[in-house]
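Engineer: What would the 3D arrangement of this be:
(2 chains)
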Amino acid sequence: MRAVDDVSFEVERGEVVALLGPNGSGKSTLMRCVIGFFAPTAGRACVRGIDVAERPVQARRHIGYLPEQVMLYPELSVRRYLGFVAGAKGLAGRARRAAVGDVIERCGLRDVEHRATGKLSKGYRQRVGLAQALLGDPELLVLDEPTVGLDPVQTVEMRELVRALTGRTVLLSTHILTEAANLCSRVVILRKGRLAAVDTPAELARRVERSAAIVVRIDGPVDAVREALAAIPGVQAVEVVPEAPAPGTTFRIAAQDIEPVQRAIGGAVVPRGWTLLEVRVEMPTLEDLFMRLVG
Amino acid sequence: MRAFRALIGKELYIYFASPLVYLVAAAFLAYTGYYFHSDLIYFLTFGFGMNIMENFWQLLFMDIRLVLIFSVPLLTMRLLAEERRLGTLELLVTYPLSDRAVVAAKLGACLVVVVLLIGATVLYPVWLHRIEPFEWTPLVAGYLGLVLLAAACAAYGLFVSSLTDSQVLAGFLTAMPLLLLWLLSWNEAASGVNTLAIVRALSLFNHFQPFAVGIVEVRDVFYFLALTAGFIWATLRVLEARQWRGRR
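Structural biologist: Down below sits the predicted model:
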């Protein structure tokens, strides 16, 4: 089975890039190729020009990886575990203690540093995962779904931690669009293992804007109103929004170019004696774009 | 080297953080202590005045070997099977470590524990020597043999542990063939003339026997070292296989 096929992109130094796609779209597989866990059957992954499959030990010096499921040795305390990781990444003595102290501080693990990792909550496990990725000061951080399975408060805290990683190159995967839009300078969208789009969140948003919708609430005979709205030049489709707040009926009007339609609505409704209760422009979210790209 | 130190430190910490190693040590010392006692009684009753190396120490070394067969699988079954089950192997292999360092640290930590266990039995000859002095240099060969045998068994156990994520299965599949080899060497009359040659060539224990009477032969040392190296090699290939099999 082909999990990822013909995907090619670059991440510049200091850039934060999101891999975005529904579950099963090949994000984790792609990341595991980047960290050298899997060797790709074709193509290659390079970090600072070092081929990860060919020289994995050298390449991994520059990579910190947070797996989707953070797996820890339940017997070890947080501090001891991080000390082990620091050692495994080649730190020793004072440098090792300093590095461990630093990530404990940075990831907010001070309160649990002596607790066994087997007894940590999901949120803390995830932080320990981030802390171990940060050890050894890697230039590239590969974060596989850093917020998945966290409660809302933990999610916000985790995002803050990721945002605080300024200056580092980050490749993170997520299936949450707002997260990608908030954290990243570029978004790589995957669909069934193939590249669907690569763009900045702003540019993606602009693409969506072109197909915004107008929502109007009108008090009048539903079918007649719909016909009248559909007759406005430039209107592509009119649908009735069910269970909208009374009074009146809510319609969603889709149009390529919003403004002229917006101006014409009053003229189409008011002269016929219907009451125009509300007009607003509904900016489609990135979710809508996402659905269109991957749906 | 630093990475290796960290790895072996972690392995040893996990060993001594779990009750299993203490239970294994207690059982090991209890059984070897019992064998020391009963073999000594046997020697005093039936072999008094005869060669102590052949009639006492040989028996004891053979018996310690038997206890080792049961102890080593309990110490190796966890090594890679648990990392697979916990998923920690995935993180471990993303650190700038070679698979070789990982395998060496695991086997090394296991051997540290085994050598401690075997080392504790030195108490018996020391104690006996204080009561009745005897020529102790041949015992060095016996202990060398025990360590070499344990290394080969541990390497085999590590290899089995790399194949599965079930500790129980790993322990079972390590202990069973060792036991079978022991049974085959125990009653050689049960094997046919043709198969006996094969059994002897394969059996760990026929290569161990010279050590037990104080003889170090290069080919026996080589046999155990080659066996150990062979299973380390096989373990490394299994770890490598994740790259093309696409599983942890």
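Engineer: Excluding sequence neighbours, find me the nearest residue to whichever residue of chain A sits closest to chain B.
Structural biologist: Minimum separation of chain A from chain B (CB to the nearest CB) falls at residue A:87, amounting to 2.4 Å. In this view, the C-beta of every residue, glycine as well, is placed from N, C-alpha and C. Spatial nearest neighbour of residue A:87, excluding adjacent residues (CB to CB, 6 or more residues apart in numbering or on different chains): residue B:6 at 2.4 Å.
Engineer: Am I right that the one you found is in contact with residue A:82?
Structural biologist: No. Applying CB atoms under 8 Å as the test, residue B:6 and residue A:82 come out as separate, 11.1 Å apart.
Engineer: quick one on the thing from earlier: hang on, the residue nearest to residue A:87 in a strand?
Structural biologist: No. Counting by DSSP: H, G, I helix; E, B strand; the rest coil, residue B:6 is not part of a strand but helix.
Engineer: mind listing what it touches?
Structural biologist: Residues near residue B:6 by CB atoms under 8 Å, 6 or more residues apart in numbering or on different chains: A:83-84, A:86-88.
Engineer: helix or strand for residue A:43, which one?
Structural biologist: For residue A:43, there is no host helix or strand (DSSP states H and E).
Engineer: returning to that earlier point: the residue of chain A closest to chain B: neighbouring residues, count only.
Structural biologist: Here the count is done by other CB atoms under 10 Å in any protein chain shown, and residue A:87 has 24 residues near it.
Engineer: got it, and residue A:151?
Structural biologist: Around residue A:151 there are 11 residues (other CB under 10 Å).
Engineer: Over to residue A:61?
Structural biologist: 17.
Engineer: on that earlier part again, what kind of secondary structure is the residue of chain A closest to chain B in?
Structural biologist: Quick answer, by three-state DSSP: residue A:87 is helix.
Engineer: now it: how far from residue B:12?
Structural biologist: Computed as CB to CB, to the nearest Å, the residue A:87 to residue B:12 distance reads 13 Å.
Engineer: now residue A:230
Structural biologist: Taken as CB to CB, the span from residue A:230 to residue B:12 is 77 Å.
Engineer: Could you check which of these two is surrounded by more residues?
Structural biologist: Ranked by neighbour count (other CB under 10 Å), residue A:230 and residue B:12 place residue B:12 first, with 17 against 14.
Engineer: So the more buried one sits against residue B:112, correct?
Structural biologist: Yes. Residue B:12 is in contact with residue B:112 according to CB under 8 Å; the separation is 6.3 Å.
Engineer: mind listing what residue 50 touches?
Structural biologist: Just so you know, I chose chain A. Residue A:50 neighbours (CB under 8 Å, 6+ apart): A:58-59, A:62.
Engineer: at 7 Å what do you get?
Structural biologist: If you count contacts by CB atoms under 7 Å, 6 or more residues apart in numbering or on different chains, residue A:50 has them with A:58-59.
Engineer: One more: residue A:75?
Structural biologist: Residue A:75 neighbours (CB under 7 Å, 6+ apart): A:116, B:14, B:17-18.
Engineer: same deal with residue A:96?
Structural biologist: Contacts for residue A:96 (CB under 7 Å, 6+ apart) come out as A:83, A:86-87.
Engineer: Buried residues in the host helix or strand of it, which are they?
Structural biologist: Per DSSP H and E, residue A:96 falls inside helix A:93-106. Applying a neighbour-count criterion of 16 or more other CB atoms under 10 Å in any protein chain shown, one finds A:96, A:99-100, A:102-104 buried in helix A:93-106.
Engineer: And for residue B:140, the neighbour number?
Structural biologist: The burial count for residue B:140: 12, using other CB under 10 Å.
Engineer: those helices in chain B, which residues are they?
Structural biologist: Secondary structure of chain B by DSSP state H: the helices cover B:2-17, B:19-46, B:52, B:58-76, B:81-86, B:88-92, B:99-120, B:123-131, B:137-163, B:167-186, B:193-202, B:204-212, B:218-240, B:242-245.
Engineer: what's the closest of the ones you listed to residue A:221?
Structural biologist: Residue A:221 lies closest, by CB to CB, to one member of these: helix B:88-92, at 63.0 Å.
Engineer: quick one: that closest one near chain A?
Structural biologist: Yes. Using CB under 7 Å from any CB of the partner chain, we find that helix B:88-92 touches chain A at B:88, B:90-91.
Engineer: Throw the residues you listed into JSON lines and include neighbour count, thanks.
Structural biologist: Below are those laid out as JSON lines (neighbours: other CB atoms under 10 Å in any protein chain shown):
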{"residue": "B:88", "neighbour count": "19"}
{"residue": "B:90", "neighbour count": "20"}
{"residue": "B:91", "neighbour count": "25"}
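Engineer: where's the dip in pLDDT among the residues you listed?
Structural biologist: Lowest in pLDDT among the residues of helix B:88-92 next to chain A is residue B:90, which has 81.
Engineer: okay, how far is it across stretch A:250-267, tip to tip?
Structural biologist: With CA to CA, to the nearest Å as the measure, stretch A:250-267 spans 18 Å from end to end.
Engineer: Likewise for stretch B:112-129?
Structural biologist: Here the two ends of stretch B:112-129 are set 26 Å apart, with distance taken as CA to CA.
Engineer: Now do the same contact list for the nearest residue to residue A:60 once chain neighbours are set aside.
Structural biologist: Counting by CB to CB, 6+ apart, residue B:96 is the residue found nearest to residue A:60 once chain neighbours are left out, at 4.3 Å. Residues near residue B:96 by CB under 7 Å, 6+ apart: A:57, A:60-61, A:89-90.
Engineer: between these, which is closest to residue A:22?
Structural biologist: residue A:60 (28.8 Å).
Engineer: What pLDDT does the model give that closest one?
Structural biologist: Reported pLDDT for residue A:60: 87.
Engineer: and if you look at residue A:153?
Structural biologist: So residue A:153 comes in at 86 (pLDDT).
Engineer: Remind me which helix or strand it belongs to.
Structural biologist: If you go by DSSP H and E, residue A:153 is part of helix A:152-163.
Engineer: buried residues in that helix?
Structural biologist: Buried residues in helix A:152-163, defined by neighbour count with 16+ other CB under 10 Å: A:154-155, A:157-159, A:161-162.
Engineer: same check, this time on stretch A:247-254
Structural biologist: Across stretch A:247-254, burial judged by 16+ other CB under 10 Å covers A:248-254.
Engineer: Which one of the residues you listed is nearest to residue B:39?
Structural biologist: Looking across the buried residues of stretch A:247-254 and measuring by CB to CB, the closest to residue B:39 is residue A:252, at 92.0 Å.
Engineer: quick one: residue A:145 from residue B:132, how far?
Structural biologist: In terms of CB to CB, residue A:145 sits 70 Å off from residue B:132.
Engineer: any chance of the contacts of residue A:96 in TSV, plus distance to residue B:136 and pLDDT?
Structural biologist: Listed next are those as TSV, based on distance: CB to CB, whole Å; pLDDT from 0 to 100:
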residue	distance to residue B:136	pLDDT
A:83	42	93
A:86	45	93
A:87	40	92
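Engineer: To what extent is residue B:126 buried, counted in neighbours?
Structural biologist: Neighbour number of residue B:126 under other CB under 10 Å is 10.
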